[in-house]
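> sequence and computational prediction follow.
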Amino acid sequence: MDAVVQAAIQRRQAAITAFLSIESIKQTDKEKRLGLLSFAVPVKGDTEIFVVGCGSNVVIIKWDSYTNIDFPPYYVLNSPHRPDDPLPLGNRLGYGSVDYAKRLYFATTYDHPDNHARNLGSVYSLDTNGILEKKMWNLGSVTGGFVWDLARRRNFFSLREHRSAKFYYADTLNNYILGYDFSTNNGDLDRREELFEFLHHQENSAPGRMAIDNRGWLWVPLLGRHRVIELNPFDETAHRVIHIPAVNVGGCTFGGPNWDILYVSTIGYKHNYERPPGDEGGHIFAIYGLQVKGVPTREYSLSSVVLGQASIELGEITSLLTRGERNSRIRRYRGRGSSHA
């Protein structure tokens, strides 16, 4: 897939996340049963299908990017909350992303501050058939997310090396970036190591949703510290620091036609009186000129059987909306252009 198409997919992914975040505020009591929205990833083969984390469910939605509706139709793909293995009370889906084998991985998180110190988090995978597998458990209750890097070999031009694929995990509450050996065949994780402890580097801050570039280096936002730092996981050293005009820097991702722009999201404030002077939290910043490129967005590969079943149900739901209802909703939303990070 060329860079233009990939960029279009990324724009749609960002748009659907922003759109659903806004719409979730207006959910009825019935809709609130699904819970908070957490991630959105594109699905291979259809630019109008996305997989979204919502409460304790992983759902498939259809969104054509031209029509805004109050409640997009959805199909529940799976959930880690099961009668034989329920999630701890208060847990929900958190970060989610797609590995190099096009499997979906997501973590659970616990929102209540009184239980943040407890290890209530887990990481799950969903394969092409939507089959769920728990990969890690007894983790910190909050994670800033995770990224993958393929195996690298030492060569004449570079001294960096790791002989297996890597899975980097942001342990937000404990101020660590953790590294695991990752099997691209079965998705298993092994040999945990503490790659970077922020307290050891005089950084009393929590890592947010990091990004990885094509060298295998990490770009880590720091919650509460106005900055993004560049980390070399091969020798566990910190390099460039990008200062951001917001206290709470939440996430990073690469984008643009050449994947060389680092987009940095920041966390806003519910009330303006809570905002420190000069704080621009709630905006997304674009960082140019880093002389590195990111890794293109990967699509979740679902089997034709699963997609077929979902499409049937989504189609049946969508068909309930008459042309008049669709047109009235388009008119109602036309002209709206504001959003919140």
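Alright, I've got the coordinates.
> what is the burial count for Phe234?
19 (other CB atoms under 10 Å). Every C-beta, even on glycine, is put in place using the N, C-alpha and C of the backbone.
> which element is it on?
Using DSSP states H and E, Phe234 falls within no helix or strand.
> and the gap between the spatially closest residue to Asp85 that is not a sequence neighbour and Tyr269?
Spatial nearest neighbour of Asp85, chain neighbours left out: Lys134 (7.8 Å); criterion: CB to CB, 6 or more residues apart in numbering. Going from Lys134 to Tyr269 by CB to CB, to the nearest Å gives 36 Å.
> between the two, who's got more neighbours?
Taking other CB under 10 Å, Lys134 and Tyr269 do not tie; Tyr269 has more neighbours (16 against 12).
> and that one, that one's in a helix?
No: with DSSP: H, G, I helix; E, B strand; the rest coil as the criterion, Tyr269 is assigned coil and is not in a helix.
> contacting residues for the residue nearest to Asp85?
Applying CB atoms under 8 Å, 6 or more residues apart in numbering, we find Lys134 in contact with 80, 85, 122-124.
> kindly reformat the residues you listed as JSON lines and extend each row with distance to Asn174, pLDDT and secondary structure.
Output for the contacts of Lys134, formatted as JSON lines (distance: CB to CB, whole Å; pLDDT from 0 to 100; DSSP: H, G, I helix; E, B strand; the rest coil):
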{"residue": "Pro80", "distance to Asn174": "22", "pLDDT": "92", "secondary structure": "coil"}
{"residue": "Asp85", "distance to Asn174": "25", "pLDDT": "82", "secondary structure": "strand"}
{"residue": "Ser122", "distance to Asn174": "16", "pLDDT": "89", "secondary structure": "strand"}
{"residue": "Val123", "distance to Asn174": "15", "pLDDT": "93", "secondary structure": "strand"}
{"residue": "Tyr124", "distance to Asn174": "21", "pLDDT": "95", "secondary structure": "strand"}
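> of all these, which two lie farthest apart?
Spatial extent of those (CB to CB) is set by the pair Asp85 and Val123 at 14.2 Å.
> what about the two, which has more around it?
Neighbour count, other CB under 10 Å: between Asp85 and Val123, Val123 has more, with 23 against 11.
> distance of the more buried one from Leu307?
For Val123 relative to Leu307 (CB to CB), the value is 24 Å.
> just Val295 next, same as before
Taken as CB to CB, the span from Val295 to Leu307 is 25 Å.
> between those two, which one's more packed in?
Neighbours around Val295 and Leu307, counted as other CB under 10 Å, are more numerous at Leu307. The numbers are 21 against 18.
> surely that one forms part of a strand?
No: per three-state DSSP, Leu307 lies outside any strand segment and is helix.
> for it, give me its contacts.
Leu307 makes contacts with 43, 45-46, 49, as judged by CB under 8 Å, 6+ apart.
> and those residues, which is closest to Leu189?
Ranked by distance to Leu189 (CB to CB), those are led by Val43 at 24.2 Å.
> isn't the closest one right up against Leu302?
Yes: the criterion here is CB atoms under 8 Å, and Val43 meets it with Leu302 at 5.8 Å.
> how long is stretch 134-148 from one end to the other?
End-to-end distance for stretch 134-148, by CA to CA, to the nearest Å: 18 Å.
> for Thr297, helix, strand, or coil?
Per three-state DSSP, Thr297 ends up coil.
> try Gly187
Secondary structure state of Gly187, per three-state DSSP, is coil.
> got the contact list for it?
Applying CB under 8 Å, 6+ apart, we find Gly187 in contact with 99, 101, 103, 105, 125, 133, 135.
> show me what contacts the fifth one?
Residues in contact with Ser125, defined by CB under 8 Å, 6+ apart, are 99, 103-105, 132-133, 135, 187.
> and the two most separated of those residues?
Asp99 and Leu132 (15.0 Å).
> and the helix or strand where Thr253 lies, C-alpha only, in PDB?
Assigned by DSSP H and E, Thr253 belongs to strand 249-255. Below are the C-alpha coordinates for strand 249-255, written out as PDB (Å, rounded to 0.1, in the frame of the first residue of the first chain):
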ATOM      1  CA  VAL A 249       1.600  15.500  27.000                       C
ATOM      2  CA  GLY A 250      -0.400  12.400  26.200                       C
ATOM      3  CA  GLY A 251       0.600  10.600  23.000                       C
ATOM      4  CA  CYS A 252       2.800  10.600  19.900                       C
ATOM      5  CA  THR A 253       2.300   9.200  16.400                       C
ATOM      6  CA  PHE A 254       4.100   9.700  13.100                       C
ATOM      7  CA  GLY A 255       2.200  10.800  10.000                       C
END
